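J.: coordinates only, sequence not included:
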Ligand SMILES: C=Cc1c2[nH]c(c1C)Cc1[nH]c(c(CCC(=O)O)c1C)Cc1[nH]c(c(C)c1CCC(=O)O)Cc1[nH]c(c(C)c1C=C)C2
């Protein structure tokens, strides 16, 4: 029998995706989506800003800004919600796809320093100053013996990469990669939860990650409704929407508002979640929590383990708009990441800078073809904080630092805005803890706990989590 009434807690992307998939798969079930704020969408927040004194506009993102084409859960939403014409794509041949940079401050005392282009092909690797470090890491890993100690079920990303690729690779490349995805310290992040494909490749490759990737992977069957989205995404590196990622959450919201079996309660705080009891204002047969785990902890009356085990990373996201073409400000490419300092997280708090105009210039008006040389405006995002902790910053201070990184001073921005984002940091042992949590919850009632604190922080993971619960509920 389909569930009678499902309450979905949290109107961020995971909650919206849950309500969407539930309302389609269980049309006779009443769905109530409950969100604390007036606005739905959570960290997904796109804003079109008309630049002061002009008719020109730029589209700025507070959270995620690009999506990868292999994430079928999102491609399915684009197809089902008819968003195909809103999609803008960055081809694999574009500079934004090929040129990614690493900035190693001189003060780090590394052999490699300054702005380095990360090789995107074997040819570009050969001429790169990163060649010796990368070559030894890769060759050593490929020929290296299996070295995962028996019984080890998880470890930090830093420990994993050090074990397989060497200390210097883990410190420079590994820490920078983790900054760019989790805004976290790679010495705290769980390798198995954050990069399951690396962990599994090591197993498939008899101890070598590279051998594992070169070997055959078992095909996975799926039942996504994709229309022609796979053709649309052929040769695409990343994509977004003309009006930003919020196009997706707006479309989900529009769909839910129009459904007879969905009710949305905004500006509504859930103060207590009990299996039965007088304090419930309404009852539901099932609850899907897409809340941050700590928020869930504060409203439940039953004891669920590990809800407070994750660390949270707070990132300051500073969007800057300059009145000059990108060619006068930065090299053409995706942007740059900065590794962790050798002596601990102190000093400059910048984790990386994104050259948004290079991948997302089509969002801006007027849309200029040779945007790199001819666009009147450049948009960039500075990401700071995370493992550095909270701290003061000023726009002139950021410009001073970017001047050192880029070797030229950016002009004074004509517009800037700041947002804060929070990303869970699953620490080593996360998957075991989540399994234990699900075992307890599974036995205590129809509560499902999903979201970025449980199973992945990307847009694709959040949408997928909402899709998965339908399969789970069907089995009940
Ligand atoms: C806004 C800050 C964010 C930081 N990480 C994330 C956000 C939203 C989440 C995230 N970023 C990336 C991934 C991997 C996705 C994938 O490859 O499928 C995730 C889950 C990669 C990424 N990192 C940056 C960008 C522009 C992207 C592409 C995806 C996206 O738009 O978020 C740059 C970047 N993000 C952060 C930092 C510190 C940083 C530095 C340049 C934190």
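T.: Received it, and whenever you're ready, just let me know what you need. Remember, it's a predicted structure, so these values are computed and weren't measured experimentally.
J.: moving C-terminal of the lowest-mean-pLDDT helix or strand in the chain, what's the next helix or strand?
T.: Among the helices and strands of the chain, helix 122-126 carries the lowest confidence by mean pLDDT, DSSP states H and E, at a mean of 82. Using DSSP states H and E, the helix or strand that follows helix 122-126 in sequence is helix 131-143.
J.: Who are the packing partners of that next one?
T.: Applying 3 or more C-beta pairs under 8 Å, 6 or more residues apart in numbering; DSSP states H and E, one finds that helix 131-143 makes contact with helix 122-126, helix 157-165, helix 167-169, helix 209-214. C-beta coordinates here come from the backbone N, C-alpha and C atoms, glycine included.
J.: about what we covered before: contacts for the least confident helix or strand of the chain?
T.: Contacts to helix 122-126, defined as C-beta atoms under 8 Å, 6 or more residues apart in numbering, come from residues 117, 119, 131, 134-135.
J.: so which of the residues you listed comes closest to the ligand?
T.: When the contacts of helix 122-126 are compared for distance to the ligand (C-beta to the nearest ligand atom), residue 117 wins out at 15.2 Å.
J.: What is the distance between the least confident helix or strand of the chain and the centre of its chain?
T.: Remark: helix 122-126 is offset 29 Å from the chain centroid, using C-alpha atoms, centre = their mean, to the nearest Å.
J.: Repeat that for stretch 207-223.
T.: With C-alpha atoms, centre = their mean, you get 23 Å for stretch 207-223.
J.: distance of the nearest residue to residue 322 once chain neighbours are set aside from residue 58?
T.: Nearest residue to residue 322, sequence neighbours excluded (C-beta to C-beta, 6 or more residues apart in numbering): residue 378, at 4.6 Å. Remark: distance between residue 378 and residue 58 (C-beta to C-beta, to the nearest Å) = 9 Å.
J.: More neighbours: those two, which one.
T.: For residue 378 versus residue 58, neighbours defined as other C-beta atoms under 10 Å are more numerous around residue 378 (28 against 24).
J.: Quick check on that one: phi, psi?
T.: phi -130, psi 130 (degrees, to the nearest 10).
J.: ok, now which ones touch it?
T.: Neighbouring residues of residue 378 by C-beta under 8 Å, 6+ apart: 321-322, 324-326, 328-330, 357.
J.: Show the pLDDT at it.
T.: pLDDT, residue 378: 98.
J.: Near the ligand, which residues of the stretch 51-200 of the chain? Just list them.
T.: Contacts of the stretch 51-200 of the chain with the ligand, taken as C-beta under 6 Å from any ligand atom, map to 63-66, 68, 179-181, 183.
J.: Just name the most buried of the helices and strands packed on helix 131-143.
T.: Most buried of the helices and strands packed on helix 131-143, by mean neighbour count (mean count of other C-beta atoms under 10 Å): helix 157-165, with a mean of 23.
J.: Report the angle between it and helix 131-143.
T.: 80 degrees (axes from the mean of the first three to the mean of the last three C-alpha atoms, to 10 degrees).
J.: from now on call the first residue 348
T.: Sure, I'll start counting at 348 from here, so that last one is helix 504-512.
J.: Which neighbouring elements make contact with helix 504-512?
T.: Contacts defined by 3+ C-beta pairs under 8 Å, 6+ apart place helix 504-512 against helix 478-490, helix 538-541, helix 543-551.
J.: Check which helices and strands the last one sits against.
T.: In this structure, helix 543-551 packs against helix 504-512, helix 538-541, helix 556-561, with contacts taken as 3+ C-beta pairs under 8 Å, 6+ apart.
J.: Please produce TSV containing the ones you listed, extended by mean pLDDT.
T.: Formatted as TSV, the helices and strands packed on helix 543-551 follow (pLDDT from 0 to 100):
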stretch	mean pLDDT
helix 504-512	98
helix 538-541	98
helix 556-561	96
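J.: Let me know the pLDDT of residue 659.
T.: We have a pLDDT of 96 for residue 659.
J.: Disregarding residues adjacent in the polypeptide, which is nearest to it?
T.: Using C-beta to C-beta, 6+ apart, the closest residue to residue 659 is residue 769 (5.2 Å).
J.: and the one you found, what are its bridge partners?
T.: With DSSP bridges as the criterion, residue 769 is bridged to residue 661.
J.: near the ligand, which residues of the stretch 698-823 of the chain?
T.: Near the ligand, when you scan the stretch 698-823 of the chain using C-beta under 6 Å from any ligand atom, you find 698-701, 730, 768, 770, 804-805.
J.: one more time with 8 Å, if that's ok
T.: 698-701, 703, 706, 728, 730-731, 733, 768, 770, 803-808 (C-beta under 8 Å from any ligand atom).
J.: Restricted to strands, list those residues.
T.: Among those, the ones falling in strands (DSSP state E) are 698-701, 728, 730-731, 768, 770.
J.: Adding pLDDT, write those residues out as CSV.
T.: Converted to CSV, these look like this (pLDDT from 0 to 100):
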residue, pLDDT
698, 98
699, 98
700, 98
701, 98
728, 98
730, 98
731, 98
768, 97
770, 97
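J.: can you tell me which of those lies nearest to the ligand?
T.: residue 699 (2.5 Å).
J.: hang on, residue 599 packs against residue 363?
T.: Yes. Using C-beta atoms under 8 Å, residue 599 is in contact with residue 363, at 4.1 Å.
J.: Need the overlap of contacts for the two.
T.: Between them, residue 599 and residue 363 share the contacting residues residue 387, judged by C-beta under 8 Å, 6+ apart.
J.: any shared contact partners between residue 725 and residue 405?
T.: residue 668.
J.: hey, where'd the helices end up in the stretch 648-797 of the chain?
T.: Here the stretch 648-797 of the chain has its helices, by DSSP state H, counting those that start in this stretch, at 703-707, 718-721, 742-753, 777-791.
J.: Buried deepest among these, which one?
T.: Among these, ranked by average contacts under mean count of other C-beta under 10 Å, first place goes to helix 703-707 (a mean of 26).
J.: what sits up against it?
T.: For helix 703-707, contacts defined as C-beta under 8 Å, 6+ apart pick out 406-408, 412-413, 435, 437, 441-444, 585, 587, 666, 673, 679-682, 711, 718-719, 722, 724-728.
J.: about what we covered before: export the helices and strands packed on helix 478-490 as a markdown table, with columns for distance to residue 427.
T.: Compiled in a markdown table, the helices and strands packed on helix 478-490 are given as follows (distance: least, C-beta to C-beta, whole Å):
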| stretch | distance to residue 427 |
| --- | --- |
| helix 469-473 | 39 |
| helix 504-512 | 35 |
| helix 514-516 | 42 |
| helix 556-561 | 32 |
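J.: What residues does the residue nearest to residue 572 when sequence neighbours are not counted make contact with?
T.: Once flanking residues are discounted, residue 572 sits nearest to residue 423: 5.5 Å by C-beta to C-beta, 6+ apart. Shown in contact with residue 423 (C-beta under 8 Å, 6+ apart): 571-573, 576, 814.
J.: Residue 423 in helix, strand or coil?
T.: For residue 423, the assignment made with DSSP: H, G, I helix; E, B strand; the rest coil gives helix.
J.: what's the spacing between it and residue 514?
T.: 42 Å.
J.: Tell me where the stretch 648-797 of the chain is predicted with low confidence.
T.: Along the stretch 648-797 of the chain, the parts satisfying pLDDT under 70 run over 790-792.
J.: Many thanks, we can stop here.
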